[in-house]
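>>> Predicted coordinates and the sequence they were generated for:
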Amino acid sequence: MKICIPTETGEGKNAQVFGHFGSAPFFTIYDTDSLALEIVENGNSHHEHGACNPVAALQGKAVDVVVTGGMGARAIMMLNAQGIKVFRAAAGTVDTIIGNFSAQDLEELTVNNACASHGCH
């Protein structure tokens, strides 16, 4: 399974989770099978609110799950349509988030509990 975590930096497991998915500078992708990490720069981090395209940003990465501080309903719907589940993460490092996900200690995000603006979390 591949877990995508939006991060402030490209520091691998030590990177801090970014507060909002679409405007994250980087995506850190962790493969639970191979234990490999991949760092992807988000070329669309300076989009207008509601105008990000998360499916395009992760195209070809075969991501199964996104764990983020927050995400809008449109982005959740786009990811869910591709079979990608979305979970909310508290502040912390990629390593902490991976541990929380493995322990099934994260809330799944849906259109009902999505962010309404960038200041929601």
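Right, received. Where do you want to start?
>>> what's the next secondary structure element after the worst-scoring helix or strand of the chain on mean pLDDT?
Every helix and strand of the chain was ranked by mean pLDDT, DSSP states H and E. The lowest is helix 54-57, at a mean of 65. Later in the chain than helix 54-57, the nearest helix or strand by DSSP states H and E is strand 65-68.
>>> Can you mark which positions in the next helix or strand after that next one are buried?
As assigned by DSSP H and E, the chain's next helix or strand after strand 65-68 is helix 73-81. Buried residues in helix 73-81, defined by neighbour count with 16 or more other CB atoms under 10 Å: 73, 74, 75, 76, 78, 79. Glycine gets a C-beta too; all of them are placed from N, C-alpha and C.
>>> again, but for stretch 97-104
Buried-residue list, stretch 97-104, by 16+ other CB under 10 Å: 97, 98, 100, 101.
>>> My understanding was that the last one contacts residue 66; is that so?
Think residue 101. No: shown here, residue 101 and residue 66 do not form a contact pair, counting by CB atoms under 8 Å, at 10.6 Å.
>>> Overlap of the contact sets of the two?
By the contact definition CB atoms under 8 Å, 6 or more residues apart in numbering, residue 101 and residue 66 are jointly contacted by 3, 87.
>>> Now do the strands for the protein: every range, in order, please.
2-7, 26-31, 37-41, 65-68, 85-88, 107-108 (DSSP state E).
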